[in-house]
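Undergrad: got a predicted structure plus its sequence, pasted below:
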Amino acid sequence: MASKPPPPPPPKNAAKPPPPPPPPSASENPAEAPKPLPSSQIVPSLDFDPSAEDVKRERTGAKSSKDSLSSIERRRRFMGRIALAMLVAGAGLATWEMGRPWDEEELKAKKWTLEEAPKSRWERTKIRFTGIFDTFTEPLWPELLPPPLQGHLYRPYTLLVSVDDLLVTSTWDRQHGWRTAKRPGVDYFLGYLSQFYEIVIFTTQYHYTATPIIDKLDPYQFYIMHRLFRDACRSEKGQPVKDLKYLNRDLSKVILLDTHPEHVTPNPENAIILPKWTGDPKDRGLIAMIPFLESIAIFKTPDVRPVLKAYEGKNIPLEFAKVEAEMKQKHLEEWEHSRKGLSRGGLTLSSLFGGSEQQVASSAPLTYLEQKRLEAQRHYAEEQEYLRQNKENFDRMLKEEQEAMAREMPSTIWGAAQAMLAGGPQPPQSQLQQAQQQQQASGQATQQQKQ
C-alpha cells in the first residue's frame, strides 16, 4: 500500500507558530461559549423542488426538439388524414347508394310488389343495411321447400309438424342415459293424414339429433315429404322461431302444429298449440286431432286461418265433435223430411228396393264427411297391407341405399373438401320413393275406378 509522504521539515530559522489559545471554560463566561452547528448545516438537505431549479435556469432562445416532427412522421400523419377522409366519403356514398330505388331482383327475392315495397329513401337504406346481418338471423335459404309436387302426389294443403313433446318425448337418467318414446297413434296419424296433406317435419332441433328420430318414425319415407331443422328457423331475440313466409307455400293452405307458443310468433294465425305429451302411454290427443284436420281438406277450405281463429284457445277435438254431431243431426232431419215427402207422393225407398219402411228407417244415411272418411280409411288399410306384403323388399332396398350412400361418402379430408366445393353429387331418386310413387299411383287409379 502507498504511504503518505512525510511533511517537509520546517526551516531552521523559521519562527515557531504561536500555540492555539486554550478553549474558554464554561465557568468563565457562559454567554460567550460557541454554539453547536445545526444538523441541517452538517448534513446536506434533500428537501428541494426540482421545478424551482428549472425556473431559475436562464432561457437561451433555442427551440426544443420535443414539438418538432420529422418529415417521415409528418408524411405519415398526412396520409392517415387522407385515408380517414376517403373512408368517411366511401361510407357516405355507400349509404346514399343503399337508398336507391328497388330493382326487380330485390322485389322478387323479398316477394314484394312495387306497391308493397317501402317508398322512402330512409326505409330502403335501413332495410338494406340490416340485410347485411341477415346471415346470422335469417334461414339459410330464401325458399325452404321446393315447388309442390304435381300429379297424383299433389297435396293442396301443407301440415307442418313439430317433433319435441308432440310426436316423441325424451327423458334422461343415470342408468339408461337419453331415451326417446314414441307417442301413441303417431304411425296412424302420419299415414292417414298423408292422403290429405303434404306432411313436413319442422323442428328446432339440429339435423344430427332429429334425423335419427324421423327415420324411426318413417323408415321408408312414405309419409313425410320434407324435413326442416334448426337452420330453417329465424333467430328472434336469440330464440329460434318458425317464420312461414320463407316456406314457398300459400299460407292460406298451411297449418302448423306445435307445443311451444314462442316458436310460432311470426305466424300465430296458422298455428295450433297442443298440450305437451309427457309420456302417458294411454294418451289419445294426437288421434283426436284427425277428424278436425281431415275435415279441412275434405271440405276444401279456401283459407284455414279463419277456421283456426274460430277454435283458438278451445279444446279442438271436443268442440269439433259437437259441430260434427250438429251436422249429423241436421243431415238426418233433412233426410227424414225428404223421405216423408216421397212416401206421401206414393214413391218410397221400400217400393224401389223391395224392403219395408222399418228396414229403411233403421239404415241411417252417411254424411258427406263420413263417406269421404270411410274412403280414406279403406285407402289407408290397403296401403298398410301393401307395406306388409313388400316389407322384405323395402328393407332390402333401404339397406342397399344406405350402403350406396356410405360408398359415395369421401374417405379423406381432401375428398370431402372437393365434394363441398363441387356442391356434392345430386342424389338420384331412391328406389323407396319410386316404389312409393308407384303404389300411390295404383291407389289413385283404384279410387278413380271405384268412382
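TA: In hand now; what should we look at? Numbers count the residues shown, from 1 in each chain.

Undergrad: in the sheet, who's paired with residue 170?
TA: residue 180 (DSSP bridges).

Undergrad: so it makes contact with residue 179?
TA: Yes - assessed by CB atoms under 8 Å, residue 170 is found in contact with residue 179 at 6.9 Å. C-betas here are computed from N, CA, C, even on glycine.

Undergrad: contacting residues around stretch 301-314?
TA: With CB atoms under 8 Å, 6 or more residues apart in numbering as the test, stretch 301-314 has contacts from 157, 251-255, 269-272, 292, 296, 319-320.

Undergrad: and that stretch, how far apart are its ends?
TA: 20 Å (CA to CA, to the nearest Å).

Undergrad: which positions within that stretch qualify as buried?
TA: By 16 or more other CB atoms under 10 Å, the buried positions in stretch 301-314 come out as 301, 304, 305, 308.

Undergrad: would you reformat the residues you listed as JSON lines and include distance to residue 195?
TA: Shown next, in JSON lines, are these (distance: CB to CB, whole Å):
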{"residue": "301", "distance to residue 195": "16"}
{"residue": "304", "distance to residue 195": "17"}
{"residue": "305", "distance to residue 195": "23"}
{"residue": "308", "distance to residue 195": "21"}
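
Undergrad: so where is the chain shaky, pLDDT-wise?
TA: 1-67, 133-136, 341-363, 410-451 (pLDDT under 70).

Undergrad: what residues go with each domain of it?
TA: For the chain, the structural domains run 74-137, 157-321, going by the TED database.

Undergrad: so which of these comes closest to residue 383?
TA: For the domains of the chain, proximity to residue 383 was assessed by CB to CB; domain 157-321 is nearest, at 7.0 Å.

Undergrad: could you measure from residue 71 over to residue 77?
TA: According to CB to CB, to the nearest Å, residue 71 and residue 77 sit 11 Å apart.

Undergrad: show me which of the two is the more surrounded one.
TA: The residue with more neighbours, out of residue 71 and residue 77, is residue 77; 11 against 7, by other CB atoms under 10 Å.

Undergrad: thought residue 247 was touching residue 144?
TA: Yes - between residue 247 and residue 144 a contact is recorded at 5.4 Å, counting by CB under 8 Å.

Undergrad: buried stuff in stretch 270-277?
TA: 270, 271, 272, 273, 274, 277.

Undergrad: list just the nearest of these to residue 213.
TA: Lowest distance from residue 213 to the buried residues of stretch 270-277 (CB to CB) belongs to residue 277, with 14.0 Å.

Undergrad: surely that closest one meets residue 183?
TA: Yes - Residue 277 is within contact range of residue 183, at 5.2 Å (criterion: CB under 8 Å).

Undergrad: who touches both of the two?
TA: Taking CB under 8 Å, 6+ apart as the criterion, residue 277 and residue 183 both touch 166, 169, 283, 286.

Undergrad: isn't residue 285 up against residue 277?
TA: Yes - counting by CB under 8 Å, residue 277 is a contact partner of residue 285 at 6.8 Å.

Undergrad: still on that earlier bit, now, the most widely separated pair of the shared contacts of residue 277 and residue 183?
TA: Farthest pair in the shared contacts of residue 277 and residue 183 (CB to CB) is 169 and 286. Separation: 12.0 Å.

Undergrad: overlap in contacts, the two.
TA: Common neighbours of residue 169 and residue 286 (CB under 8 Å, 6+ apart) are 183, 277.

Undergrad: end to end, how far does stretch 284-295 reach?
TA: 19 Å.

Undergrad: next, count neighbours for residue 151.
TA: 9.

Undergrad: wait, I meant residue 262
TA: The burial count for residue 262: 11, using other CB under 10 Å.

Undergrad: leaving out the residues flanking it, which one is nearest to it?
TA: Among residues not flanking residue 262 along the chain, residue 239 sits closest, at 6.2 Å (CB to CB, 6 or more residues apart in numbering).

Undergrad: surely the one you found and residue 264 touch.
TA: No - contact criterion CB under 8 Å: residue 239 and residue 264 do not qualify, at 11.7 Å.

Undergrad: ok, these two, which is more surrounded?
TA: A direct count of neighbours by other CB under 10 Å for residue 239 and residue 264 places residue 264 higher, at 23 against 13.

Undergrad: what residues are up against that one?
TA: 241, 242, 256, 258, 270, 271, 273.

Undergrad: mind listing the helices for the stretch 301-450 of the chain?
TA: Residue ranges of the helices in the stretch 301-450 of the chain, as given by DSSP state H, counting those that start in this stretch, are 304-310, 316-344, 349-353, 357-362, 368-389, 391-408, 413-421, 431-450.

Undergrad: so the second one versus helix 368-389, what angle?
TA: Following axes from the mean of the first three to the mean of the last three CA atoms, to 10 degrees, one obtains 120 degrees for the angle between helix 316-344 and helix 368-389.

Undergrad: how about helix 316-344, which residues are buried there?
TA: Applying 16+ other CB under 10 Å to helix 316-344 flags 316, 317, 320, 324, 331, 339 as buried.

Undergrad: who's in contact with the fifth one?
TA: This points to residue 331. 365, 367.

Undergrad: now the second one
TA: Residues near residue 317 by CB under 8 Å, 6+ apart: 285, 288, 289, 291, 292.

Undergrad: run the last query once more with 7 Å
TA: Residue 317 makes contact with 288, 289, 292, according to CB atoms under 7 Å, 6 or more residues apart in numbering.

Undergrad: which of those sits closest to residue 393?
TA: For the contacts of residue 317, the nearest to residue 393 is residue 289 (32.8 Å; CB to CB).

Undergrad: neighbours of that closest one, how many?
TA: Per other CB under 10 Å, the neighbour tally for residue 289 reads 19.

Undergrad: ok, now how distant is the closest residue to it other than its chain neighbours from residue 374?
TA: Spatially, and ignoring its direct neighbours in sequence, residue 289 is nearest to residue 317 (6.2 Å; CB to CB, 6+ apart). Distance from residue 317 to residue 374, counting by CB to CB: 20 Å.
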